[in-house]
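# Give me a model of this one.
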Amino acid sequence: MGARSLSLLALVFCCSAFAQDDTFAVLLDTDGYAMGDPGPDPAPELERYRHYIKAMGGDSIRLCGNSPCSGQVVDHYPDGTPMHKGYYEYGRLLVFKNYHPDGTVERDFKALDAIKCVQRTWHPNGQLRSEARFADGVAYEYKDYYVDGVLRYAEQRHRKDPYFIRMDLFAGDGTPVSTLALVDKKRIEFEQKEYHPGGSLRSVGRARYDRVRMDTRRVGTWKYYAPDGTLVREEDHVDGRVATVR
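As a prediction, the model looks like this:
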């Protein structure tokens, strides 16, 4: 699986139903970057427990016999090694840990209250793989790491409106591929930056979120640079379109 496909997987998992399309285009264009090793995908049997977590959008009730599970439940791999240790209440998970086949922790989950929770996952080598905070079934903060521990992707969403406060993607050496940050809360404007392979600035400009259209459009002047830092061109954007180029 290529770097572009891996970035897409991260976005599909964390960013569905959001409409900052310009940013998505930047994040998915990773050709030419050394994106590092994201590690193997989690085993399906370790992912299935999210269906029992209300705060992560799960709507299933786990049964123990004919009744909803209550108290501690332990599942095992075929060789008897623990795979899952969880505490259930009325069939819903409140706290649990999953394990890799060698016995190391694969993830842990904790419900903070009725609507919020936090989950962390680990690569088989023990490095942190991801950290996510959820509320009402949606991840509002998420970080993803390469196998060697370098930050790969980070996002933060607004808790009420459908836009991102932060959305950053990094190459395997830690240099940025693209970044987004909310810089004007009143006008809901973001500064977006794109970088050349190696970390030198490629472009910078602002985008504004429109609550009526529920999308984000580029505004003002965008600047574009060569890898050596030379200014290549400037674009003036009006209503999401390029009005002038110089």
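
# Using the three-state scheme, assign V232.
Here V232 is strand, with the state taken from DSSP: H, G, I helix; E, B strand; the rest coil.

# Can you name the residues that contact it?
By CB atoms under 8 Å, 6 or more residues apart in numbering, V232 lies in contact with Y224, Y225, A226. Any C-beta I mention is one placed from the backbone N, CA and C, and that applies to glycine too.

# Emit the ChimeraX select command for whichever of these are buried.
Typed into ChimeraX, the line below selects the buried ones among those, using 16 or more other CB atoms under 10 Å:
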select :224,225
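
# Could you count how many residues lie near F164?
Burial of F164 is recorded as 23 neighbouring residues (other CB atoms under 10 Å).

# what about it, distance to E141?
F164 is 11 Å from E141, where distance means CB to CB, to the nearest Å.

# which residues do these two both contact?
With CB under 8 Å, 6+ apart, F164 and E141 have common neighbours E155, Q156, R157.

# now, which of these sits nearest I115?
R157 (14.9 Å; CB to CB).

# Touching, that closest one and D136? I think so.
No - between R157 and D136 there is no contact under CB atoms under 8 Å: 11.5 Å.

# Look at the two and report which has more neighbours.
Ranked by neighbour count (other CB under 10 Å), R157 and D136 place R157 first, with 21 against 13.

# Spatially nearest residue to that one, not counting backbone neighbours?
Y140 (4.6 Å; CB to CB, 6 or more residues apart in numbering).

# doesn't the one you found fall inside a strand?
Yes - membership of Y140 in a strand is supported by three-state DSSP.

# Distance of it relative to R129?
If you go by CB to CB, the gap between Y140 and R129 works out to 19 Å.

# Same drill for the two, tell me which one is more crowded.
Between Y140 and R129, counting by other CB under 10 Å, R129 is the more crowded of the two (23 against 18).

# Pull the contacting residues for the more buried one.
G39, T121, W122, H123, D144, Y145.

# how about a cut-off of 7 Å?
Remark: with contacts taken as CB atoms under 7 Å, 6 or more residues apart in numbering, R129 is in contact with G39, T121, W122, H123, Y145.

# what's stretch 177-195 in contact with?
By CB under 7 Å, 6+ apart, the residues outside stretch 177-195 that reach it are 22-23, 26-27, 30, 33, 163-171, 175-176, 201-209.

# Report back the residue of the chain that's furthest from centre.
N66 (37.1 Å; CA atoms, centre = their mean).

# Just read off the phi/psi values of that one.
In terms of degrees, to the nearest 10, the main-chain angles of N66 are phi -100, psi 0.

# mind listing what's buried in stretch 218-229?
Across stretch 218-229, burial judged by 16+ other CB under 10 Å covers R218, V219, W222, Y224, Y225.

# Just the pLDDT for the nearest residue in space to L112 that is not next to it in sequence.
Counting by CB to CB, 6+ apart, L112 lies nearest to V118, which is 6.5 Å off, once chain neighbours are set aside. If you check V118, the pLDDT there is 91.

# which stretches of the protein aren't confidently modelled?
1-29 (pLDDT under 70).

# and with 90 instead?
1-35, 40-44, 47, 50, 53-58, 110-117, 134-140, 158-164, 209-217, 238-241 (pLDDT under 90).

# Domains in this protein, by residue range?
What the record gives for the chain is the domain set 1-37+148-246, 39-145, from automatic domain parsing.
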